[in-house]
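Colleague: structure for this input, please:
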Amino acid sequence: MREEVWINLTAPLKHTLVSNAVNSIDNSMEIKSVNCLRWDGQGWFCGTFDGLGVVSIADYHGVDVADGAVIAILGGGGAARSTAYEWINSGGKVIAIEGRRPLPEGEWINSKEYSGKIDAFINFDGSDIGEIQDVIRIHDKAKFVFKAPYTLMQGTAEERIEMLAEGPFDGRWLLVSQHLECWSNFWAPHLGDMLPSIGLLLTKLAYAEAVLESYAN
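Modeller: From the prediction side, this is the model:
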């Protein structure tokens, strides 16, 4: 194939891609969190952009990761691993909270021993944080709370936009931000200046969902 091919992956494929035929631009195969593929006409390349997407969302909401911002991560799946490593690489600190799956060994802060500030909390396990007091304590201290699953939305596009802006900040934010990071860093860096902002793309997504719902009704 001479033409370029761009592919976005999700679970379970993102966890299983380990191949010498694919060149990784980062540690995506090592941490088993490959969510983007690119065929450039000569070879296959892969990367992970969930973590960059979360860092981008944090920056959008005024959280300065490079200044040592602290994020608490509940869960240990592919997106959680990508987020933890990218947050550290960007200058931040990570509190690991074991959920259905723990994060692998890393430079994480022990959640039971930490009593300092928490800039962000992200739940990769589900919409409910459970009843564990340690998790509730950390969740309630966070300035910015993000849930990876999608929140059910109904109503007009304007009502959906208002919900997205006021929270809960759900998986739509991650969908938009990780795709923007993939485009600007991997698929088409030369088009970076032409890409929409997170806010604009979320707005377009809200309008698209409202239109699709009107067809279903």
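Colleague: do I have it right that Cys36 meets Gly53?
Modeller: No. Here Cys36 does not reach Gly53: they are 11.0 Å apart, not a contact under Cβ atoms under 8 Å. In this view, the C-beta of every residue, glycine as well, is placed from N, C-alpha and C.
Colleague: for the residue most central in space within the chain, give me its contacts.
Modeller: By Cα atoms, centre = their mean, the mean C-alpha position of the chain lies nearest to Asp50, the distance being 3.8 Å. Asp50 makes contacts with 33, 35, 78-79, 82-83, 86, 174, 178, as judged by Cβ atoms under 8 Å, 6 or more residues apart in numbering.
Colleague: who wins for neighbours among those?
Modeller: Neighbour tally across the contacts of Asp50 (other Cβ atoms under 10 Å): the maximum, 31 neighbours, falls on Thr83.
Colleague: ok, that residue - contacts?
Modeller: Counted by Cβ under 8 Å, 6+ apart, Thr83 has contacts 50-51, 54, 71, 73, 122, 124.
Colleague: that one in helix, strand or coil?
Modeller: Here Thr83 is recorded as helix under DSSP: H, G, I helix; E, B strand; the rest coil.
Colleague: measure it to Asp26 for me?
Modeller: 13 Å (Cβ to Cβ, to the nearest Å).
Colleague: confidence score at the residue nearest to Ser90 when sequence neighbours are not counted?
Modeller: Nearest residue to Ser90 in three dimensions, chain neighbours excluded: Val65, at 4.5 Å (Cβ to Cβ, 6 or more residues apart in numbering). We have a pLDDT of 97 for Val65.
Colleague: residues in contact with the nearest residue to Gly78 once chain neighbours are set aside?
Modeller: Sequence neighbours aside, Ser33 is the residue nearest to Gly78 in space, at 3.8 Å (criterion: Cβ to Cβ, 6+ apart). Contacts for Ser33 were tallied using Cβ under 8 Å, 6+ apart; they are 14-15, 48, 50, 78-79, 81-82.
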